[in-house]
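Peer 1: Just a sequence and a predicted model for now, questions to come.
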There are 2 protein chains.
Amino acid sequence: MTVQTPVSIDQSEQVDQLVARLGAEGRAAQRALARLTDADKAMALRAAARSIREREAEILAANALDIAAGEASGLGAAMLDRLRLDSARLAGIAAAVEQVASLPDPVGEVIDTATRPNGLALSRVRVPIGLIGIIYESRPNVTVDAAALCLRSGNATLLRGGSEAVNSNRALHSAFVAGIEAEGIPAAAVQLMPTQDRAAVGAMLAAAGVIDMIVPRGGKSLVERVQADARVPVLAHLDGICHTYVHSSANPDMAREIALNAKMRRTGICGAMETLLIDARFAAASQVAAALIDAGCELRGDARACALDPRIGPASAEDWDTEYLDAVLSLAIVDGLDEALAHIERHSSGHTEAIVTQDEEAAERFLAEVDSAIVMVNASTQFADGGEFGLGAEIGIATGRLHARGPVALEGLTTYKWLVRGTGQLRP
Amino acid sequence: MTVQTPVSIDQSEQVDQLVARLGAEGRAAQRALARLTDADKAMALRAAARSIREREAEILAANALDIAAGEASGLGAAMLDRLRLDSARLAGIAAAVEQVASLPDPVGEVIDTATRPNGLALSRVRVPIGLIGIIYESRPNVTVDAAALCLRSGNATLLRGGSEAVNSNRALHSAFVAGIEAEGIPAAAVQLMPTQDRAAVGAMLAAAGVIDMIVPRGGKSLVERVQADARVPVLAHLDGICHTYVHSSANPDMAREIALNAKMRRTGICGAMETLLIDARFAAASQVAAALIDAGCELRGDARACALDPRIGPASAEDWDTEYLDAVLSLAIVDGLDEALAHIERHSSGHTEAIVTQDEEAAERFLAEVDSAIVMVNASTQFADGGEFGLGAEIGIATGRLHARGPVALEGLTTYKWLVRGTGQLRP
């Protein structure tokens, strides 16, 4: 396996010095980005997409090196599939960049304005955050997706992908940068960490004041490590333990179809339902449970749930706090809305919860009292997605309570500043 | 000095267990707060203000204990002044609570709405953040000001004041809580740390997942310690190294008056100007410098500034990065807007910068390119204040880049959730 080193790196440089240097270069490039117009940034992204298409042979060859190394080192089939690129996937990556180019630019948006009695004219205007660190695993498309979203919103990126995708990431990064450089954007606006030294991740996490925000993209252990060690603000979600509550008034067909879709459409996504709460007064509970079992889902229930169907096994205490990401579901029978709310308050990860009901009052109480990033009425939790919300694309879903919550797209990659226009006002 | 212990505390309880317990109780109380209406919260705040007035004798007696202890332990005059309460100051504290009661409630505000092609109706709605930790020093009014702002926006608070104000804080806290409890709000919505053990501050800073945000209120060493050690998001500013740039086109009288006001109105606030940049082509530089010196300000300049007036001493390299908070100013002569922008980029703390100019193009470039929380044209930097911005009151000024920036008031004490109303939609 040939590993190229496209960025010069002084071997004696410590990783923390390296991160400081890349950070300073990235921040300087970001100041140039911040002065670009909407059209400049869109044009640069379209050039990056063209460059990726033009370099297809080179990118697929680099990816073949990663696949060969992965096979040799015994990577599992799922990991190899996440790693693998082909013509169609690469075309999808380039098309996604063009889609980001077509999204409205949030930078410069005036959030609000006011004129004070003394004549000072105030406005709050969206500006880029600065330098965003992206720490990710085996999917090479993240290199391009994250860089495109950050550039669209005027931010510089410092990317650190997984070792298993090192050649693919370098080839994609170099194609992306060639495209934006041709449009006059400094290469340092999108940097790929030039070393796979694991200490570089630690140095990024510690780089408060250099990196403005870190977005981890990958499995739970990656997110856990980033959240535990970061001194830089992190935008992420750790778990998606999503609940659906079937209220006594729910339409039985709707309840069954929503439960099936929320659990079984794709079991491995963070918006998949992991716990179903069925009201004891809902008459069609066993039909909903049977439909899930017939669709291939394993059900683990509390005592009343187990009585619904002999195929339902008993749930352990841990089941209520487990994100299965698989065709497994925990099922509890609850006595009314208050008990459902209490269960959710205790076990939810704050991602997405839904109620199925025909009772408007119950729906509004559920919307008001469930304290999660996304709260739904009569819809599948699998809609928890930036694209489905009309945001165009998302950098991730956040369950933290500050800055941005739920699906985070371009607006979440901005901050604001206050502009004050005066005519010589003095403070008395 | 008598120290009462108004909250029961098991002496064997470790401070981290104490913080976890208070956090859980606070969060439970916050869930009750989140269900209150605007009118409920306003009424509770007015009851708290009444209770503070009714307990004047008790609060002033407690304060007298702190003052006596402070005098005995040799506290400086400035510290004693910050600590001291009297009838007028206490009336001001109660009136400030009523003023917060009269501010519009941000909770429930619909930020935006959208209907998707599949009929899903989306809205983003403001909700409280949760439990806010306030760590502060000798000013007892912070106990009440911070609790009032947090309660107005539906948040619970965990307050940790300085040891020197322990009796005053307990008396004010107990008056505040008596008022809100009379209106049916649980006492745990506003908690005062029941121990002055210094380890309790460390336990609060480490309480990620228990405390949602920490606001430090006090001097630079407090803010530095909180920012360095916190695992919980912190809303703060460390420095206010505010610049004013006098452009070549500036009106000489306006430049002089703004410089005098920005520096000398109050030298100890974070919005006070610390560095003045005067364009080499601005004709009245020596008049501006002389006016500042005549007003009692010490000037420290670069070589060209020193040539303006024999009373200007030379600035050292550190002066450009110093927040004096005193009648001292660093003064540099710069060649044009680009040099001013470069100086600000290198030395600003990201708080507030201003330009004085009659040239609209220069003004707009300054507004666009200065990357600080607040950027002003033809106004005194001393306007950097939530009250002056019409926000009613502020919990602090933030120079971080996420969540909220500049003066932070009620809106900055909220987050949002996504509400999705469907009619049985399934994700294809």
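Peer 2: Looks like it came in fine. Bear in mind the structure is a predicted one, so any value in this text is a computation, not a measurement.

Peer 1: CA atoms only: put the longest strand anywhere in chain A into CSV for me.
Peer 2: Under DSSP state E, the strand in chain A containing the largest number of residues is strand A:414-425. Provided in CSV are the C-alpha atoms of strand A:414-425 (Å, rounded to 0.1, in the frame of the first residue of the first chain):
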residue,chain,number,x,y,z
THR,A,414,-23.2,30.2,11.4
THR,A,415,-23.1,32.5,14.4
TYR,A,416,-24.0,36.2,14.3
LYS,A,417,-22.5,39.6,15.1
TRP,A,418,-24.2,42.8,16.2
LEU,A,419,-23.8,45.8,13.9
VAL,A,420,-24.4,49.2,15.4
ARG,A,421,-24.7,52.2,13.1
GLY,A,422,-24.5,55.6,14.9
THR,A,423,-24.1,59.3,14.1
GLY,A,424,-21.8,60.2,17.0
GLN,A,425,-23.8,58.9,20.0
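
Peer 1: can you tell me the helix or strand for the residue lying closest to residue A:240 once chain neighbours are set aside?
Peer 2: Once its chain neighbours are removed from consideration, residue A:240 has its nearest residue in residue A:270; the separation is 3.3 Å (C-beta to C-beta, 6 or more residues apart in numbering or on different chains). Yep, even glycine has a C-beta here, placed from its N, CA and C like the rest. Using DSSP states H and E, no element contains residue A:270; it sits outside every helix and strand.

Peer 1: cool, residue A:338 as well?
Peer 2: Secondary structure assigned from DSSP H and E places residue A:338 in helix A:336-347.

Peer 1: Strands along the stretch 51-200 of chain A, start to end?
Peer 2: Along the stretch 51-200 of chain A, the segments classed as strands by DSSP state E, counting those that start in this stretch run A:110-115, A:121-128, A:131-136, A:156-160, A:190-192.

Peer 1: and if you look at the stretch 201-350 of chain A?
Peer 2: Listed in chain order (using DSSP E, counting those that start in this stretch), the strands of the stretch 201-350 of chain A are A:213-217, A:242-246, A:273-279, A:298-301, A:313-314, A:328-334.

Peer 1: quick one: average confidence on the second one?
Peer 2: The pLDDT scores in strand A:242-246 average 98.

Peer 1: What of the shortest one?
Peer 2: When the per-residue pLDDT values of strand A:313-314 are averaged, the result is 98.

Peer 1: List of residues touching it?
Peer 2: Applying C-beta atoms under 8 Å, 6 or more residues apart in numbering or on different chains, the external contacts of strand A:313-314 come out as A:298-303, A:306.

Peer 1: in its sheet, what does that strand sit against?
Peer 2: Sheet pairing here is set by DSSP bridges, and for strand A:313-314 it gives strand A:298-301 (parallel).

Peer 1: Quick one: residues in contact with the strand it pairs with.
Peer 2: Applying C-beta under 8 Å, 6+ apart, the external contacts of strand A:298-301 come out as A:289, A:292-293, A:305, A:308-309, A:311-316, A:319, A:327-333.

Peer 1: Swap in 6 Å and give it another go.
Peer 2: Residues outside strand A:298-301 that contact it (C-beta atoms under 6 Å, 6 or more residues apart in numbering or on different chains): A:293, A:312-313, A:315, A:319, A:328-331.

Peer 1: In the helix holding residue A:338, which residues are buried?
Peer 2: Taking 16 or more other C-beta atoms under 10 Å in any protein chain shown as the neighbour-count basis, helix A:336-347 is seen to contain the buried residues A:337, A:339-341, A:343-344, A:347.

Peer 1: What residues does residue A:146 make contact with?
Peer 2: Per C-beta under 6 Å, 6+ apart, neighbours of residue A:146: residue A:134.

Peer 1: mind redoing it with 7 Å?
Peer 2: Contact analysis of residue A:146 by C-beta atoms under 7 Å, 6 or more residues apart in numbering or on different chains lists A:134, A:157, A:159, A:395.

Peer 1: low pLDDT regions in the stretch 151-300 of chain A?
Peer 2: Along the stretch 151-300 of chain A, the model assigns pLDDT under 70 to no residue.

Peer 1: of all the residues in it, which ones are close to chain B?
Peer 2: A:212-213, A:233, A:254, A:257-258, A:261, A:265 (C-beta under 7 Å from any C-beta of the partner chain).

Peer 1: Now neighbour count too, for those residues, in JSON lines please.
Peer 2: Output for these, formatted as JSON lines (neighbours: other C-beta atoms under 10 Å in any protein chain shown):
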{"residue": "A:212", "neighbour count": "24"}
{"residue": "A:213", "neighbour count": "25"}
{"residue": "A:233", "neighbour count": "20"}
{"residue": "A:254", "neighbour count": "20"}
{"residue": "A:257", "neighbour count": "18"}
{"residue": "A:258", "neighbour count": "30"}
{"residue": "A:261", "neighbour count": "23"}
{"residue": "A:265", "neighbour count": "17"}
